[in-house]
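J.: For reference, the sequence and a predicted model appear below.
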Amino acid sequence: MPVTNGQNGTRGRGRRALMDVIRRRGPLPRIELAELTSLSRATVTTITAELIEAGLIEEIAQAEPGNGARRGRPRVDLRIRGAAHLVAGVKIAHRTLSLVLMDFNFSRLAELEVPLPAPCLSADAMTDAIVGAVDTLMEKADHCRSELSGIGLGIAGVVKAARGLVLWSPSLDARNVALGDQVSAALDLPVFVDNDANLVTMAELGFGLGRAHSDFIVVTVESGVGMGLVIDGQLYRGAGGCGAEFGHVKMHPDGPPCRCGQHGCLEAYVADFALLREATNLPDFDTSLPEDVQLSRLLARAGAGGAARAILDQARDIFALGLANLVNIFDPRLIILAGGQVKSNPLLSAQVVEKMKEAIVQVDRPTPEVAVHQWGDRMWALGGAAYALDGVLDLALSEMRDD
């Protein structure tokens with residue numbers, strides 16, 4: 001009888017299907033698992049026994065409703081075994097690293113935020129910063145690094161997730177950096193790297209506003225602009241793993257320079273660095289101050305009108321056009337505007353939504369819902385942890401044999 005990898009074949013697909021349902025909807029009894037996965041009851045019984053033996057799930061007895069007079073065996077549900085694995089999520093932000101430690105059942109055990117020495121680092125310096133932060137996180141949680149099963153790492157830029165390869169990022173001083181391999185070697189752990197907007201999208205799908213939707217778009221607005229796209233309940237990455245780069249769609253062929261090296265990108269009009277570049281033309285604007293102080297002063301001056309207001313008005317108009325293009329292409333039911341400061345971001349006013357609606361092709365269809373969801377950097381790290389949990393599950397299932 002042939003022996004196959006635990007991810008291949010009917011048995012492997014059944015294991016993955018059951019784990020996915022238990023993770024999203026558990027705890028559940030075996031009879032409901034059979035109904036939700038369309039697997040036979042016998043198959044569910046066999047596979048769940050294997051998953052229990054592997055330590056990935058566990059049984060819990062549920063009290064029967066009523067007055068307690070019912071006799072017989074109590075209902076037994078299956079749930080993810082939290083102690084099976086620990087994972088960490090890491091978000092590389094503009095000036096900080098944000099981390100979260102989670103168990104296999106999505107319970108948060110510890111959180112941490114540490115400063116980066118500079119917004120843009122070499123691969124070696126970034127790796128050192130991540131390793132130090134992970135060790136501090138584990139110490140804070142009274143665990144050691146050897147107890148970790150994997151790391152999920154989110155970084156802005158263009159990322160080939162399947163290879164952990166960062167083709168370009170404003171956080172790194174070089175292109176084509178095998179950051180996943182480098183951090184993995186330093187930590188002696190599996191490391192799963194993806195674009196940070198994709199990880200926020202995974203968090204929205206698993207825990208946030210997208211949980212009840214199978215198709216939606218997440219647009220992240222921080223120091224840059226990112227996008228995640230969910231189609232039929234799955235994150236879309238494109239043929240090469242680098243899809244949905246909304247921040248780098250071209251708004252004008254001869255537009256201003258972007259951090260990516262090209263011109264006319266959406267980010268080059270609406271991101272923080274773009275607003276501050278335009279602000280250098282304002283009279284008496286102090287560019288020697290920290291960037292966050294400069295941005296606050298620009299917003300304050302914009303409130304009084306004049307040239308500062310014009311800078312923000314242009315950014316709003318272009319951002320609204322970009323959102324309208326997404327609607328015209330994908331026809332989503334829901335667009336989530338996510339980020340750490342979205343509620344105070346001038347780009348995300350009601351004016352932007354109205355201008356977006358004006359630029360949508362006018363046909364007899366409902367306008368998509370636009371929801372604002374403020375995520376702190378630690379919540380971005382939560383998406384990284386969810387990504388790591390998915391990767392660790394794949395590794396665990398691949399070690400199970402169909403013999």
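T.: Ah, there it is.
J.: quick check: domain ranges of the protein?
T.: Listed domain ranges for the chain are 9-80, 85-201+379-397, 245-332+341-374 (source: automatic domain parsing).
J.: Return the most buried member of the ones you listed.
T.: Mean neighbours per residue, mean count of other Cβ atoms under 10 Å, is largest over the domains of the chain for domain 85-201+379-397, with a mean of 21. No exception for glycine: its C-beta is placed from N, CA and C like everyone else's.
J.: quick revisit: looking at the domains of the chain, which is closest to Thr220?
T.: Shortest distance between Thr220 and the domains of the chain, using Cβ to Cβ, is found for domain 85-201+379-397: 4.5 Å.
J.: which SS state does Gly210 fall under?
T.: Here Gly210 is recorded as coil under DSSP: H, G, I helix; E, B strand; the rest coil.
J.: hmm, I was thinking of Leu109
T.: strand.
J.: was I right about it contacting His85?
T.: No - taking Cβ atoms under 8 Å as the definition, Leu109 is not a contact partner of His85, at 11.9 Å.
J.: what sits in contact with each of those two?
T.: Asp103 (Cβ atoms under 8 Å, 6 or more residues apart in numbering).
J.: circling back to that earlier point, kindly reformat the domains of the chain as a markdown table containing mean pLDDT.
T.: Listed next are those as a markdown table, based on pLDDT from 0 to 100:
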| stretch | mean pLDDT |
| --- | --- |
| domain 9-80 | 87 |
| domain 85-201+379-397 | 94 |
| domain 245-332+341-374 | 87 |
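J.: export those to JSON lines and tack on distance to Gly208?
T.: Below are the domains of the chain laid out as JSON lines (distance: least, Cβ to Cβ, whole Å):
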{"stretch": "domain 9-80", "distance to Gly208": "13"}
{"stretch": "domain 85-201+379-397", "distance to Gly208": "8"}
{"stretch": "domain 245-332+341-374", "distance to Gly208": "6"}
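J.: Of all the ones you listed, which one is nearest Gly226?
T.: Comparing the domains of the chain by Cβ to Cβ, domain 85-201+379-397 comes nearest, at 2.8 Å.
J.: Endpoints of that closest one, how far apart?
T.: End-to-end distance for domain 85-201+379-397: 13 Å, by Cα to Cα, to the nearest Å.
J.: just how off-centre is that domain within its chain?
T.: Computed by Cα atoms, centre = their mean, to the nearest Å, the chain-centroid distance of domain 85-201+379-397 equals 12 Å.
J.: How about stretch 309-329?
T.: With Cα atoms, centre = their mean, you get 23 Å for stretch 309-329.
J.: Kindly report the same for stretch 247-259.
T.: The answer for stretch 247-259 is 25 Å, by Cα atoms, centre = their mean.
J.: Where do the strands of the stretch 101-250 of the chain begin and end?
T.: Using DSSP state E, counting those that start in this stretch, the strands of the stretch 101-250 of the chain run over residues 108-115, 148-155, 158-160, 165-168, 191-195, 216-221, 225-231, 234-235.
J.: Check which element follows the shortest one along the chain.
T.: So that's strand 234-235. Using DSSP states H and E, the helix or strand that follows strand 234-235 in sequence is helix 267-270.
J.: residues making contact with that next one?
T.: Applying Cβ under 8 Å, 6+ apart, the external contacts of helix 267-270 come out as 224-225, 247-248, 251, 255-260, 274, 314-315, 318-319, 322, 347.
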